[in-house]
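Participant: No sequence on hand, only this structure:
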């Protein structure tokens, strides 16, 4: 629950919203499959936040079922005036529509183009900044070599990201001895993937094969994940991002060929 909702909404209304969440929030918006824990958490926070914003705007509804079209328009106008990003507005609209659907009022939240002009909510697919290693004057292998002096698992994690473009959690949770399938030409990912969805990645070159072999070497025993020595998954992820510089506001995510140019300013805590 957002702090704004706690400060703004009466307890009875918060409890009504929570009951709706308890009954419905475990499913995806389509209502057929289980939503990830992150999706459930973000959606709940968004719903509480949006109802609290309505109260701040003077629309002090007493129960969730009072939600109507004028409230949706008021929120859209408010976000537009604040300059919220198109992606943020789209996400909130999706969660608001899902919330309305739970109450049998799906038609209350119409297509976003009914509230804001197309140019305002258009998604940009053009990169405004080169986030690649080479684009920032960084030799990736030299950075991986430095990582190896800190912890060889850390280097193996980075190497997998460079070679395959794996996400942080994918490269930390991968069990390299079990990941190869068929004739060793594919890598299967079960853990750490977006939304927890299984995916299969082809091995296309020698560098990728070398990255997998290095990951197998440093994990040692079969079935072991690349989680950092003596740390659990959550601790490994936090430690990795800390050393990588992810805690800085302008940090770039260390995925594929896109790590932060100079992340090695933190001490390793193992």
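Facilitator: Arrived safely. If you're wondering where the values come from, they're calculated on a predicted model, not measured in any experiment.

Participant: Quick one: distance of the longest helix anywhere in the chain to the chain centre.
Facilitator: In the chain, taking DSSP state H as the definition, the longest helix is helix 37-56. From the chain centre to the centre of helix 37-56 is a distance of 17 Å (Cα atoms, centre = their mean, to the nearest Å).

Participant: Now do the buried residues in it.
Facilitator: Buried residues in helix 37-56, counted by 16 or more other Cβ atoms under 10 Å: 39-40, 43-44, 46-55. Bear in mind the C-beta positions are built from the backbone N, C-alpha and C, glycine included.

Participant: again, but for stretch 78-90
Facilitator: Per 16+ other Cβ under 10 Å, stretch 78-90 contains these buried residues: 79, 86, 89.

Participant: May I have the distance across it, first residue to last?
Facilitator: 14 Å (Cα to Cα, to the nearest Å).

Participant: And the contacts of that stretch?
Facilitator: 53, 57, 76, 92, 112, 116, 120-124 (Cβ atoms under 8 Å, 6 or more residues apart in numbering).

Participant: from those, which would you call buried?
Facilitator: Of those, these count as buried by 16+ other Cβ under 10 Å: 53, 76, 92, 112, 116, 121.

Participant: Out of those, flag the one nearest to residue 174.
Facilitator: residue 92 (33.7 Å; Cβ to Cβ).

Participant: where's that closest one, which helix or strand?
Facilitator: helix 86-102 (DSSP states H and E).

Participant: Next secondary structure after that helix?
Facilitator: helix 118-121.

Participant: Does anything pack onto that next one? Which helices or strands?
Facilitator: Under the contact criterion of 3 or more Cβ pairs under 8 Å, 6 or more residues apart in numbering; DSSP states H and E, helix 118-121 touches helix 86-102.

Participant: Taking helix 37-56 as reference, get the angle to the helix it packs on.
Facilitator: 90 degrees (axes from the mean of the first three to the mean of the last three Cα atoms, to 10 degrees).

Participant: pLDDT of helix 86-102, averaged?
Facilitator: The average pLDDT for helix 86-102 rounds to 95.

Participant: before we move on, what about stretch 216-232?
Facilitator: Stretch 216-232 comes out at a mean pLDDT of 72.

Participant: what do you get for stretch 27-45?
Facilitator: 87.

Participant: which residue ranges form the helices in the stretch 101-250 of the chain?
Facilitator: Applying DSSP state H, counting those that start in this stretch to the stretch 101-250 of the chain gives helices spanning 118-121, 140-150, 152-164, 168-173, 176-179, 206-219, 233-244.

Participant: Compare the ones you listed and give me the one nearest residue 3.
Facilitator: Judging those by Cβ to Cβ, what sits closest to residue 3 is helix 233-244, at 23.1 Å.

Participant: re earlier: could I get the buried residues of stretch 78-90 as JSON lines with distance to residue 206?
Facilitator: Formatted as JSON lines, these follow (distance: Cβ to Cβ, whole Å):
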{"residue": "79", "distance to residue 206": "49"}
{"residue": "86", "distance to residue 206": "41"}
{"residue": "89", "distance to residue 206": "45"}
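
Participant: nearest to residue 167, of these?
Facilitator: residue 86 (23.6 Å).

Participant: Domain map for this structure?
Facilitator: Following automatic domain parsing, the chain resolves into domains at 3-121, 134-244.

Participant: rank those domains by mean pLDDT and give me the bottom one.
Facilitator: domain 134-244 (a mean of 82).

Participant: Give me the contacts around the strand or helix carrying residue 20.
Facilitator: Assigned by DSSP H and E, residue 20 belongs to helix 11-24. With contact meaning Cβ under 8 Å, 6+ apart, helix 11-24 is reached by 1, 5-6, 9, 44, 47-48, 51, 61-64, 99, 102-103.
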